[in-house]
Every structure is written in C-alpha cells, then in structure tokens.
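**Q** Build me a model from this:
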Amino acid sequence: MSAARIASAPSTRCARRVPEPVVTAPLDRAWEIAASWVDDGVVPGVAVAVAQDGELIGEFYAGKQAAGAGRPVDATTLYTIASITKPFTAAALMRLVDQGQIQLDETIRRVLPSFNGAGTREITIRDLLCHLAGLPKDDPAEDQLWARKARFDEVVASAAMLTPISPRGTRTSYSNAGYWLLGGVIAEVSGTPFPEALRALVLKPLALTQTYIAPPENTYELMARRYGRAKIMNAPYGRSLGSPSSGIFANARDLVRFASAFLRNGAGPDGKLWLSPSSVKLMTTDQTGSLPGGIEGILTWPVGAWGLGWELKGEKRSHWTGDLTSPPTFAHPGQSGAMLWVDPATGIASAILANRDLSTGWWLSPARWARLSNAIIAALDRSA
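**A** Next up is the predicted model:
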C-alpha cells in the first residue's frame with residue numbers, strides 16, 4: 001500500500017500543517033480493510049488510529065471529508081464522534097465525585113429540582129451513567145427543540161420532564177436523554193456552562209488539543225460532514241450547542257490518547273493523578289450486574305454489561321470490537337459512524353472514524369468494525 005493512502009496531502013485552503021503519519025508495517029492488513037470501505041463506496045472517508053500502552057503506533061487515512069468533492073481525510077480531520085462523547089461526560093462527572101462535590105447515589109432531583117417526570121423520584125446519577133434509569137433513548141421533543149434552536153438549558157429542562165419507559169434498575173436501557181441530564185448536573189455542580197466544565201475537567205488535563213466541545217468556527221473547515229439523522233451537526237447551531245450526549249468533535253489521534261488514559265490508573269500525560277484509580281475502576285468495570293439490554297435498534301445482549309460511561313465487552317457475542325479483544329475491553333460507538341475501544345489485556349486502543357450513520361447497518365452487515373479490530377489485534381499479537 002502506498003504511503004499516499006496512509007495520509008493525504010494537506011489542503012492548500014488550510015494553513016494548518018498536516019502531521020506526519022505514523023506508519024507501522026504489521027498493520028498493513030488492517031489498513032487494507034479500512035481502505036476497502038472507501039474503495040467500495042461504503043463511506044466517504046475513514047480515519048483509524050492505533051495506540052499501545054499509550055503510544056501511537058499506527059494510523060491510516062483515506063477518502064474525503066464529504067461525499068464527492070471535499071478536503072482529503074488526514075490527521076487533522078475532525079469527526080463528530082456522536083455518542084463517544086458520553087465517556088468524556090462521565091469522566092467529567094467522576095472528577096466532580098473525586099473532588100467531593102457530588103456523590104453517585106444522590107438523586108437527580110436533589111441537583112435538578114426540575115426533574116419531575118412521573119416515576120423519576122429515585123433515579124440517581126449512577127443510574128444515568130450506566131443507563132439503568134429506564135428513560136427513553138431520545139427526547140421525543142428533540143426535533144422541535146432543534147428546529148427552534150433551543151438553548152442548552154432548555155434541552156436539559158425538556159429531558160427533565162420525561163417519563164421512564166421501563167422500571168429503574170431492570171435492564172440496561174441506553175438513553176441519550178439521560179446524558180443531557182448529566183450535562184445539566186455537571187453545569188449546576190461546577191457552576192460553569194457544560195462545555196467550559198468539560199474543557200477544564202477533561203480536555204485540558206489530558207492535553208487533548210484537537211478535541212472540541214462547542215468548537216470555534218475556525219475549525220469548521222477541518223470537520224468531516226455528518227450524514228444521517230443528526231445533520232444538525234453540520235450547522236453552526238448544532239456544533240455550538242455542546243451536547244453532553246453527542247457534541248464532541250475530535251481527530252483519531254486525540255481519541256486514542258483519551259482512551260489510553262484509562263490504562264494509566266488515573267495518571268495524566270504529565271504523570272499527575274488526573275482521575276482517581278477508584279473512579280477509573282468504576283468507569284471500566286460492570287455496574288449493571290447480569291441485566292439484559294444494550295442500545296435498542298443497534299445491538300442488545302442477554303447481559304448488557306456497562307460501566308460508568310463505557311460499554312463493556314464481558315462475555316458478549318457479536319461484539320463490535322471483534323472476536324480477539326479480551327473480556328475486560330471497554331468501548332463506545334458513535335451514531336455518526338465512529339467507534340473507540342481499549343483492550344486492557346494488550347494495552348491496545350483504537351479509534352475508527354467514518355461518516356455514515358449506524359442505522360444503515362454498514363458497520364454490522366458485514367461486521368466491518370469487528371473484522372478491522374480482529375486484524376489490529378492479530379497483527380500486534382504477531383509482532384509481539
């Protein structure tokens with residue numbers, strides 16, 4: 001495979017220098033798989049980064065940021081990572097727990113008195129973090145809120161009025177609306193707007209300089225176009241809203257840097273404790289017991305194991321991280337076409353970014369994410 005397929009030439013319209021790509025020979029087969037997605041017209045563009053023990057060891061870029069004409073995908077391309085935002089939001093919340101400002105089993109009503117939907121009185125912060133609250137996946141009023149360009153606090157207030165669709169603590173029932181409530185909690189407890197709090201609590205300590213929440217307009221040219229229902233993320237309003245459920249834009253390198261931080265037992269890139277080891281453990285080990293569930297309409301399992309923010313592989317079959325990742329693997333998909341996973345057994349982290357909505361099934365039939373992940377694990381096993 002030519003080096004040109006690994007990193008595209010920089011755009012003459014953008015003054016930012018394109019970083020030199022990391023090229024690792026054992027990953028050639030993985031890169032062939034990723035390239036085929038673009039060659040076969042499955043996705044407009046793709047970015048993949050792989051790290052081991054926190055060190056970036058390989059990356060691949062192909063295609064365009066948008067279907068048809070557009071800037072080539074390269075190391076500076078920012079993808080809307082959709083629900084991969086949730087582990088970032090969970091990490092911000094856990095930093096507030098570490099600081100003694102909030103406690104996991106406090107009820108949401110104590111922090112957000114407006115949370116008064118029927119049957120919600122006992123729902124806790126912990127319930128929302130691991131999707132045990134029984135809330136709907138989405139707020140039915142979401143389209144109307146977007147249409148009138150509602151403010152952040154108005155979206156939180158709407159989510160606070162929702163009625164659970166299943167009893168609390170009976171199944172892992174994935175909820176975007178629940179993470180909007182967590183964003184409201186973080187803003188209330190920290191005393192700052194959610195995007196500002198996320199930057200201070202997570203992005204800055206981990207030196208994630210190419211990860212943005214409510215990004216500045218001078219980054220828009222670097223963004224891959226979003227396809228699917230949430231096309232709002234292509235417009236200034238959607239980008240500036242700062243959704244705690246799906247509002248982050250990032251490049252592949254920063255995503256594996258974030259994910260790898262959970263392998264250092266809470267230490268940041270400077271060696272200082274960023275998150276307590278106890279909080280890391282809670283985020284990356286099962287908090288749901290043997291309850292069934294998952295993400296309705298995407299994937300569900302007889303045992304829907306979930307940590308605080310991160311989805312957990314455990315003993316799940318047909319998992320999006322493939323066959324060769326170990327049971328302690330933690331991961332998160334993004335509806336925009338993104339996947340981020342970490343295997344603690346091997347120290348491998350991978351960000352797989354593309355811009356085609358998951359609801360089309362492109363990643364599952366055939367199992368493209370799983371096949372790519374298998375090739376990454378196998379290649380690095382052989383090289384070791």
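**Q** which residues of the protein fall in helices?
**A** With DSSP state H as the criterion, the chain has helices at 28-39, 85-98, 108-111, 125-129, 142-147, 152-159, 176-190, 194-198, 236-241, 252-260, 277-284, 368-383.
**Q** was I right about S290 contacting V303?
**A** Yes - judged on Cβ atoms under 8 Å, S290 makes contact with V303 at a distance of 5.3 Å. Every C-beta, even on glycine, is put in place using the N, C-alpha and C of the backbone.
**Q** and those two? which has more neighbours close in?
**A** V303 (17 against 10; other Cβ atoms under 10 Å).
**Q** who's in contact with the more buried one?
**A** Residues near V303 by Cβ atoms under 8 Å, 6 or more residues apart in numbering: 290-292, 314-316.
**Q** What subset of these is buried?
**A** Buried by 16 or more other Cβ atoms under 10 Å: 291, 314, 316, out of the contacts of V303.
**Q** Next, the contact list for the residue nearest to the spatial centre of the chain, please.
**A** Nearest to the mean C-alpha position of the chain, by Cα atoms, centre = their mean, lies I84 at 0.9 Å. Contact analysis of I84 by Cβ under 8 Å, 6+ apart lists 248, 255, 332-334, 338-340.
**Q** could you redo the last one with a cut-off of 7 Å?
**A** Going by Cβ atoms under 7 Å, 6 or more residues apart in numbering, I84 touches 332, 334, 338, 340.
**Q** swap in Q52?
**A** 347-348, 380.
**Q** ok so, going back, from W31, how far off is the residue nearest to the centre of the chain?
**A** Distance of I84 to W31, computed by Cβ to Cβ, to the nearest Å: 22 Å.
**Q** Then F249?
**A** When distance is defined by Cβ to Cβ, F249 is 24 Å away from W31.
**Q** Over to G297?
**A** 31 Å.
**Q** same deal with V202?
**A** Between V202 and W31 the computed distance is 30 Å (Cβ to Cβ).
**Q** what's the answer for Y220, then?
**A** Separation of Y220 from W31 (Cβ to Cβ): 28 Å.
**Q** repeat for W341
**A** W341 is 18 Å from W31, by Cβ to Cβ.
**Q** How about G58?
**A** Distance of G58 to W31, given as Cβ to Cβ: 8 Å.
**Q** Could you do V280 as well?
**A** Per Cβ to Cβ, V280 is found 31 Å from W31.
**Q** of those two, who's got more company?
**A** More crowded of V280 and W31, by other Cβ under 10 Å: W31, with 25 against 22.
**Q** How about the more buried one, nearest residue that isn't a chain neighbour?
**A** Spatial nearest neighbour of W31, chain neighbours left out: F60 (4.4 Å); criterion: Cβ to Cβ, 6 or more residues apart in numbering.
**Q** and what of A90?
**A** Closest residue to A90 apart from its sequence neighbours, by Cβ to Cβ, 6+ apart: G309 at 2.6 Å.
**Q** P87: neighbour count?
**A** Around P87 there are 25 residues (other Cβ under 10 Å).
**Q** Quick check: it touching H332?
**A** Yes - using Cβ atoms under 7 Å, P87 is in contact with H332, at 5.4 Å.
**Q** anything in contact with each of those two?
**A** Shared contacts of P87 and H332 (Cβ under 7 Å, 6+ apart): W310.
**Q** Find the nearest non-adjacent residue to D53, please.
**A** Distances taken as Cβ to Cβ, 6+ apart put G347 closest to D53, at 4.2 Å, once the chain neighbours are dropped.
**Q** Do you know the pLDDT at the one you found?
**A** With respect to pLDDT, G347 scores 95.
**Q** Now do it against D40, distance only.
**A** 32 Å.
**Q** Between those two, which is the more surrounded one?
**A** A count of neighbours by other Cβ under 10 Å puts G347 above the other of G347 and D40, at 15 against 8.
**Q** What degree of burial does the closest residue to Q103 other than its chain neighbours show, as a neighbour count?
**A** Residue nearest to Q103 in three dimensions, not counting chain neighbours: V97, with 6.8 Å by Cβ to Cβ, 6+ apart. Neighbour count for V97, taken as other Cβ under 10 Å: 20.
**Q** Now do the contacts for V97.
**A** 103-104, 279 are the contacts of V97 under Cβ under 7 Å, 6+ apart.
**Q** ok, back up a step: take the contacts of V303 and lay them out in a markdown table including pLDDT.
**A** Below are those laid out as a markdown table (pLDDT from 0 to 100):
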| residue | pLDDT |
| --- | --- |
| S290 | 89 |
| L291 | 96 |
| P292 | 96 |
| G314 | 96 |
| E315 | 94 |
| K316 | 95 |
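**Q** Pick the one among those closest to F194.
**A** Distance to F194 across these (Cβ to Cβ) is lowest for L291, with 28.7 Å.
**Q** what's near enough to touch that closest one?
**A** L291 neighbours (Cβ under 7 Å, 6+ apart): 170-172, 304.
**Q** most neighbours, which of those?
**A** Compared across the contacts of L291, G304 has the highest neighbour count, 27 neighbours, by other Cβ under 10 Å.
**Q** Check what contacts stretch 107-127 and list those residues.
**A** Around stretch 107-127, the neighbours that count as contacts under Cβ under 7 Å, 6+ apart are 93, 102, 104-106, 128, 133, 157, 160-164, 168, 181, 184-185, 188-189, 287.
**Q** Try it again at 8 Å.
**A** Contacts of stretch 107-127 (Cβ under 8 Å, 6+ apart): 93, 102-106, 128, 132-135, 156-157, 160-164, 167-169, 178, 181-182, 184-185, 188-189, 287, 308.
**Q** I figured G169 hits L132, correct?
**A** Yes - assessed by Cβ under 8 Å, G169 is found in contact with L132 at 5.2 Å.
**Q** quick one, which of the two is more surrounded?
**A** A direct count of neighbours by other Cβ under 10 Å for G169 and L132 places L132 higher, at 28 against 15.
**Q** Any of the contacts of V97 buried? List them.
**A** Buried members of the contacts of V97, scored by 16+ other Cβ under 10 Å, are 104, 279.
**Q** I'd like the contacts of V97 laid out as JSON lines, including pLDDT and distance to T76.
**A** Formatted as JSON lines, the contacts of V97 follow (pLDDT from 0 to 100; distance: Cβ to Cβ, whole Å):
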{"residue": "Q103", "pLDDT": "97", "distance to T76": "40"}
{"residue": "L104", "pLDDT": "98", "distance to T76": "37"}
{"residue": "S279", "pLDDT": "97", "distance to T76": "32"}
